[in-house]
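A.B. asks: build me a model from this:
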Amino acid sequence: MTSYLSVYTSRARRRIQNYTTRTVMILDTPRVRWQAGDDIAALVARHAREAPERVALAQGDRSVTWGEFDRKLDRVASALHGSGCVHGDRVAILAQNSIEYAEVFLGALRMGMCVVPLPTLAAPEALARMISDADCKALFAAAEYRAVVSAIATTSVSLRVGLDFAGEGFIGYAAFCDDTSGAPASRGLTADDAFDVLYSSGTTGLPKGVRHSHGARKASYAGSRSRYFSRESVNVIGTPLYSNTTSITWLLTTAQGGLNVLLEKFSVDAFLRAVERHRATHAMLVPVQFERILASERFARTDLSSLRYLFSTSAPFRAQVKRRILDETAAELVEIYGLTEGGPVTVLEARQHPEKLASVGRPAPDCDVRIVDEAGRGLAAGQVGEVVGRSANMMSGYLNRPEETEAIVFRGDATALYFRTGDLGRFDEDGFLYLLDRKKDIIISGGFNIYATDLETVLATHPAVLEVAVIGVPSERWGETPLALVVARPGFAVSASELRDYCNERVGKVQRVADVELRSELPKNAIGKVLKRELRARYWTVAHERQQ
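C.D. replies: Sure, this is the predicted structure:
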């Protein structure tokens, strides 16, 4: 399917338009200017020429200089070419974070291939369908997933490489890299060439594959967020390399020639050790990771004075937690709201706007974000509607799903395309965006709209509440009604009825939760987002069975 970026005129002009009660910047061309050597793998080569002895990657006691990293990318690209892979082929990776993972990822891009980083928490059946859906020609895997990939690799996967093992149809990574008989093709990359296909990290089913172009990725690593980074940046990566969350700071640091410190898996101790050892300046974490760090006894004993920027995205971030980060570190906290699909992006520089911590910030430069009603009409500040937006980092489309791609597009006028987020929100008079809920997650009880985030915010203020998720469950009287699922803090004795009363005393009559259930944990994906679909399934399945 043709990239939606191609519908925009190439003339770079801007105009200011008064849209209802807000003034917004409309970009007639979200396209990114592209020149030869703008791709991220070419930037690695540039850093290798300019500073070959500077360290590019570190993991535990291992490190790789820019010169070494560049040479390894060449070897990976050459070996891929020699194995019969061609420009545009897709290569899958299934592994935890490692230096080798980064080498394969960027080496494949240098070869002109498209990377399909697979979510490690997905079920084998889902992984098999992803590999088939993406028609992957090559597969790189770590030993801990050896049995899985041996069982699910389709016949189309002609090249199979074990990052830390060999045998049973897999060539070892070292032996693979030694085969440099085929020099990679010299064809240069363009802005429209495929960069990656990202599948969401749900645990079941087949999520949609989001296709990004090199131009869309450049919009992220060379856009307005690059002002936070420099060659001196030391970025700790504590989220999976297959996650779009990780790509934000990983690619930004790489583009600037800074140092990326890889954690194979996140733990509070591993993260704090890495910050102290490497005098880290940057880190991207999801809200649940911040909460675990703040709850750790080691947090107060760790020297975090080197940190300049802490970033967060991907999941709702409680204002109370943001406040603690500002109070207990000297770093700027930058919250980024956006989609893997691209489109709308807002940024909250929390230390600059401490009175707006409940928001997700204002639209990023060169990004148009709007609130619209069901008919697509713009809404004034304070009114609730769906968040839509457009920018230069839009996806090329969902892989093999043109109808679903079209469904996420909102046509603002004859030429401008906006992406629907499915999120409900409102702008305040200062242009800060406040998210209320997922459009599909609204609880309609007795004809009234109830936003789960309102109830979750109230319950989160109880000292005994560690985590909370509010979902709609079937109700004979109301159609559906809110149920709160709570994980209590260790050491706190609290009853479900106490939490229910606490919440209902603080919300409007139509918002009250029907009940509270205490849980030992909530299901999450790899980046800490609560999987509400799984939570709801049990209750609605039982209700459906009763009706049969």
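
A.B. asks: can you give me the strands in the stretch 251-400 of the chain?
C.D. replies: Ranges of strands in the stretch 251-400 of the chain, per DSSP state E, counting those that start in this stretch, are 259-262, 282-284, 309-312, 332-337, 346-349, 362-363, 368-372, 385-390, 397-398.

A.B. asks: residue 245 is nearest to which of these?
C.D. replies: strand 282-284 (6.3 Å; C-beta to C-beta). For the C-beta atoms, the positions are set from N, CA and C on the backbone; glycine is no exception.

A.B. asks: residue 366 touches residue 393, doesn't it?
C.D. replies: No. Applying C-beta atoms under 8 Å as the test, residue 366 and residue 393 come out as separate, 9.8 Å apart.

A.B. asks: where does the prediction get shaky in the stretch 151-300 of the chain?
C.D. replies: The stretch 151-300 of the chain contains residues with pLDDT under 70 at 180-187, 201-206.

A.B. asks: with neighbour numbers in mind, choose between residue 366 and residue 393.
C.D. replies: Set residue 366 next to residue 393 and count neighbours by other C-beta atoms under 10 Å: residue 393 wins out with 27 against 18.

A.B. asks: tell me the contacts of the more buried one?
C.D. replies: Contact partners of residue 393, counting by C-beta atoms under 8 Å, 6 or more residues apart in numbering, are 212, 216, 217, 219, 220, 223, 338, 342, 343, 345.

A.B. asks: and these, which of them are buried?
C.D. replies: 212, 216, 217, 219, 220, 223, 338, 342, 343, 345 (16 or more other C-beta atoms under 10 Å).

A.B. asks: so which of the residues you listed comes closest to residue 523?
C.D. replies: residue 338 (23.5 Å).

A.B. asks: hang on, the closest one packs against residue 360?
C.D. replies: No. Using C-beta under 8 Å, residue 338 is not in contact with residue 360, being 9.3 Å away.

A.B. asks: mind listing the shared neighbours of the two?
C.D. replies: residue 346.

A.B. asks: pick the most deeply packed of the strands of the stretch 251-400 of the chain.
C.D. replies: strand 282-284 (a mean of 28; mean count of other C-beta atoms under 10 Å).

A.B. asks: and residue 72, its phi and psi?
C.D. replies: Torsion angles at residue 72 (phi, psi; degrees, to the nearest 10) stand at phi -70, psi -40.

A.B. asks: sticking with the closest residue to it other than its chain neighbours, tell me its helix or strand.
C.D. replies: Distances taken as C-beta to C-beta, 6 or more residues apart in numbering place residue 103 nearest to residue 72, at 4.8 Å, with adjacent residues excluded. Taking DSSP states H and E as the criterion, residue 103 maps to helix 99-111.

A.B. asks: tabulate the CA atom coordinates of the next helix or strand after that helix in PDB.
C.D. replies: Moving toward the C-terminus from helix 99-111, the next helix or strand (DSSP H and E) is strand 114-117. The C-alpha trace of strand 114-117 is given here as PDB (Å, rounded to 0.1, in the frame of the first residue of the first chain):
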ATOM      1  CA  CYS A 114      13.300  -4.100   7.000                       C
ATOM      2  CA  VAL A 115      13.500  -5.200  10.700                       C
ATOM      3  CA  VAL A 116      10.700  -7.100  12.500                       C
ATOM      4  CA  PRO A 117      11.600  -7.100  16.200                       C
END
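
A.B. asks: immediately after strand 114-117, which helix or strand?
C.D. replies: helix 124-134.

A.B. asks: sorry, back to before: what do residue 366 and residue 393 both touch?
C.D. replies: residue 223.

A.B. asks: find the nearest non-adjacent residue to residue 521, please.
C.D. replies: residue 487 (6.1 Å).

A.B. asks: so which strand or helix has the one you found?
C.D. replies: strand 479-488.

A.B. asks: which helices and strands does the next helix or strand after that strand pack with?
C.D. replies: Going down the chain from strand 479-488, the next helix or strand is helix 496-504, by DSSP H and E. The elements that helix 496-504 packs onto, with contact taken as 3 or more C-beta pairs under 8 Å, 6 or more residues apart in numbering; DSSP states H and E, are helix 452-460, strand 479-488, strand 515-518.

A.B. asks: doesn't residue 316 make contact with residue 453?
C.D. replies: Yes. Here residue 453 reaches residue 316: they are 6.5 Å apart, a contact under C-beta under 8 Å.

A.B. asks: list the residues that contact both of the two?
C.D. replies: Joint contacts of residue 453 and residue 316 (C-beta under 8 Å, 6+ apart) are residue 435.

A.B. asks: just the residues contacting stretch 98-110, thanks.
C.D. replies: Taking C-beta under 8 Å, 6+ apart as the rule, stretch 98-110 contacts 39-42, 44, 57, 59, 62, 64, 69, 72-77, 80, 91, 93, 95, 114-115, 117, 138, 140, 142, 161, 163-164, 173, 184, 189, 195, 241, 254, 260, 262, 264.

A.B. asks: and the end-to-end length of stretch 86-98?
C.D. replies: Start to finish, the residues bounding stretch 86-98 are 25 Å apart (C-alpha to C-alpha, to the nearest Å).

A.B. asks: with stretch 131-148 instead?
C.D. replies: Span of stretch 131-148 from end to end, C-alpha to C-alpha: 12 Å.

A.B. asks: how far off centre is that stretch?
C.D. replies: Between the centre of stretch 131-148 and the centre of its host chain there is 21 Å, according to C-alpha atoms, centre = their mean, to the nearest Å.

A.B. asks: try stretch 445-464
C.D. replies: 25 Å.

A.B. asks: so which bits of it are buried?
C.D. replies: 445, 450-453, 455-460, 462, 464.

A.B. asks: quick one: average pLDDT of that stretch?
C.D. replies: The average pLDDT for stretch 445-464 rounds to 88.

A.B. asks: can you list contacts of stretch 482-502?
C.D. replies: Here stretch 482-502 has contacts from 443, 445, 450, 452, 455-456, 458-459, 462-473, 503, 511-522, 535, 539, using C-beta under 8 Å, 6+ apart.

A.B. asks: may I have it exported as PDB, CA atoms only?
C.D. replies: Output of stretch 482-502 as PDB, limited to C-alpha atoms (Å, rounded to 0.1, in the frame of the first residue of the first chain):
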ATOM      1  CA  PRO A 482     -17.400   0.100  36.900                       C
ATOM      2  CA  LEU A 483     -15.300  -2.400  38.800                       C
ATOM      3  CA  ALA A 484     -12.000  -1.500  40.400                       C
ATOM      4  CA  LEU A 485      -9.200  -4.100  40.400                       C
ATOM      5  CA  VAL A 486      -6.600  -3.100  43.000                       C
ATOM      6  CA  VAL A 487      -3.100  -4.400  44.000                       C
ATOM      7  CA  ALA A 488      -2.300  -3.300  47.500                       C
ATOM      8  CA  ARG A 489       1.100  -2.100  48.700                       C
ATOM      9  CA  PRO A 490       3.100  -4.600  50.600                       C
ATOM     10  CA  GLY A 491       2.600  -4.200  54.300                       C
ATOM     11  CA  PHE A 492      -0.800  -2.500  54.100                       C
ATOM     12  CA  ALA A 493      -3.900  -4.200  55.400                       C
ATOM     13  CA  VAL A 494      -6.900  -2.900  53.500                       C
ATOM     14  CA  SER A 495     -10.300  -4.400  52.600                       C
ATOM     15  CA  ALA A 496     -12.100  -4.100  49.300                       C
ATOM     16  CA  SER A 497     -15.100  -2.500  51.000                       C
ATOM     17  CA  GLU A 498     -12.800   0.200  52.600                       C
ATOM     18  CA  LEU A 499     -11.400   1.100  49.100                       C
ATOM     19  CA  ARG A 500     -14.900   1.100  47.600                       C
ATOM     20  CA  ASP A 501     -16.200   3.500  50.200                       C
ATOM     21  CA  TYR A 502     -13.000   5.700  49.900                       C
END
